[in-house]
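*Asks:* okay, sequence plus prediction incoming.
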Amino acid sequence: MKKYYWLFLIMLVSINVMAQTNHDINEEFIAVRKIGTLTDDQLESSRINKIQQIKTIEEAKELALTAIKNNTPFLLISGGVAPTIISSDFEFENKYNIYFYEFGCNPIREDLMKIYNREVFKYLTVQFGTNWKKEIRKDVVGFSEKY
């Protein structure tokens, strides 16, 4: 049993190292859970790979509106070292055709995340009414303040 524990631990560390190496080499590495359902063209049109480069409120708003226009809106979450996955995330993403983007240790400024998410909140309300508010993760940046 102890042998299997160590084997599992070694595999886990190896996967983590490979992911980190991939992240260091490929600047467009994106940790989005539904990534498999997004084509390269969709990722490019959403411009989510530019999220770390935005510096102004105008850029944050423009990036959100571009993603919405191209049917690839994201909700930004300020995470930590390990992503937090909640079982209802997948249902929410599928029901509202939206994607969660959880920052790791290097999030952008909180005010920029709030502006981005505010545009997505408006989109959700226009498209789906207010029911989404009962189902959304409460740690989505900016949700608890206004919505």
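*Replies:* Sure, I can see it. Residues are numbered from 1 along each chain as shown.
*Asks:* kindly list the main-chain dihedrals of the residue sitting nearest the centre point of the chain?
*Replies:* Nearest to the mean C-alpha position of the chain, counting by CA atoms, centre = their mean, stands Tyr101 at 0.5 Å. Backbone geometry at Tyr101, expressed as degrees, to the nearest 10, gives phi -120, psi 110.
*Asks:* tell me the contacts of the nearest residue to it once chain neighbours are set aside?
*Replies:* Once flanking residues are discounted, Tyr101 sits nearest to Phe74: 4.3 Å by CB to CB, 6 or more residues apart in numbering. To be clear about C-beta, it is placed using only N, CA and C from the backbone, and glycine gets the same treatment. Phe74 makes contacts with 32, 46, 48, 67, 98-101, 116, 120, as judged by CB atoms under 8 Å, 6 or more residues apart in numbering.
*Asks:* make a markdown table out of the residues you listed and add distance to Phe143, secondary structure and pLDDT.
*Replies:* Below are the contacts of Phe74 laid out as a markdown table (distance: CB to CB, whole Å; DSSP: H, G, I helix; E, B strand; the rest coil; pLDDT from 0 to 100):
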| residue | distance to Phe143 | secondary structure | pLDDT |
| --- | --- | --- | --- |
| Val32 | 18 | coil | 47 |
| Ser46 | 20 | helix | 75 |
| Ile48 | 19 | helix | 78 |
| Ala67 | 17 | helix | 93 |
| Ile98 | 13 | coil | 92 |
| Tyr99 | 16 | strand | 91 |
| Phe100 | 12 | strand | 89 |
| Tyr101 | 14 | strand | 86 |
| Tyr116 | 12 | helix | 95 |
| Val120 | 10 | helix | 97 |
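*Asks:* quick one: which of those residues is the most crowded by neighbours?
*Replies:* Tyr116 (30 neighbours; other CB atoms under 10 Å).
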